[in-house]
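Novice: A structural model of the following input is requested.
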Amino acid sequence: MIIINPIGDNIEKMLLHYEKNGHLTLQASLISNSSVVYRLQDYCLKVYASRAKLDGEMESEALLSLQGNTYAPKLYAYSPGEYTLTEWIEAFSLKQYRAKYGHVPHHLIYDILTTELQQIHAGYWDWDVIRYENLLWTETGDVKRTDFWLCEPVRSRRESLYKEVIQRIENIYNGDRDEMDAMQQYFYRHQLTSSEIEQAFNDFRSQRPRLAIAQ
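Specialist: As a prediction, this is how the structure comes out:
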């Protein structure tokens, strides 16, 4: 167990018990093919399946590098390839947020692109073609992310990847149809209307000073 931030004695004992015995007597909050997620008070414990140990190692390394970014959950402890213990984040996918509050997050496209820039700046990029599916929004509209197992170190590609995102941003500011169509496909999957999408692009173009500061 590698402890990054102080945790309660009861949580530490539970993790040590898991490391020794390989099982937990807890009710899962989420089960997938690669992991099982448990809510422990204000903590989120993600335990990786045996076939997903490499993904777990990648996720813990990415989380460690991304500490300090506002969209990344606080990392408390981890065991490479076995589990990660982070803060519990109560948030919604884009579709869920819209259904609950009747509108999309106010800085939707800004959130999407700045989180990508911050991630690359921290030395990681997400190779998944639907990477935005991992973004969540809180009830106050702040963007968060909870899954980082698709992140890979950028190594020597950091500068070129960063420039690619900057170019995409400029293309959207300039109304490039191809660039906007690619992002629209993500919005359509979340059942946004054409008017909502148009408003999201208009809102983004009005935020140039904010985006410049984020870079």
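Novice: what's downstream of the longest helix anywhere in the chain, the next helix or strand?
Specialist: Secondary structure of the chain per DSSP state H: the longest helix is helix 158-173. Counting by DSSP states H and E, the next helix or strand C-terminal to helix 158-173 is helix 177-189.
Novice: avg pLDDT for that following helix?
Specialist: Averaged across helix 177-189, pLDDT comes to 88.
Novice: for the chain, what spans make up the strands?
Specialist: 2-3, 30-31, 35-40, 43-48, 75-79, 83-87, 124-126, 135-137, 143-145, 151-153 (DSSP state E).
Novice: shaky segments in this protein?
Specialist: 127-131, 208-215 (pLDDT under 70).
Novice: So which residue is dead centre in it?
Specialist: Arg145 (2.4 Å; C-alpha atoms, centre = their mean).
Novice: contacting residues for that residue?
Specialist: Contacts of Arg145 were listed using C-beta atoms under 8 Å, 6 or more residues apart in numbering, and they are 71-73, 115, 134-136. Just so you know, the C-beta spots here come from the backbone N, C-alpha and C atoms, and that holds for glycine as well.
Novice: Now that we have those, which of them are buried?
Specialist: 71-73, 115, 134-136 (16 or more other C-beta atoms under 10 Å).
Novice: returning to what we had before: what are the buried residues along the longest helix of the chain?
Specialist: Across helix 158-173, burial judged by 16+ other C-beta under 10 Å covers 158, 161-162, 165, 168-169, 172.
Novice: Tally up the residues packed near Lys100, please.
Specialist: Lys100 has 11 neighbours, counted by other C-beta atoms under 10 Å.
Novice: Now do the same contact list for Tyr124.
Specialist: Contacts of Tyr124 (C-beta under 8 Å, 6+ apart): 62, 65-66, 148, 151-154.
Novice: For PyMOL, what selects the buried ones among those residues?
Specialist: Here is the PyMOL command that picks out the buried ones among the contacts of Tyr124, judged by 16+ other C-beta under 10 Å:
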select buried, resi 62+65+66+148+151+154
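Novice: I appreciate the help and will end here.
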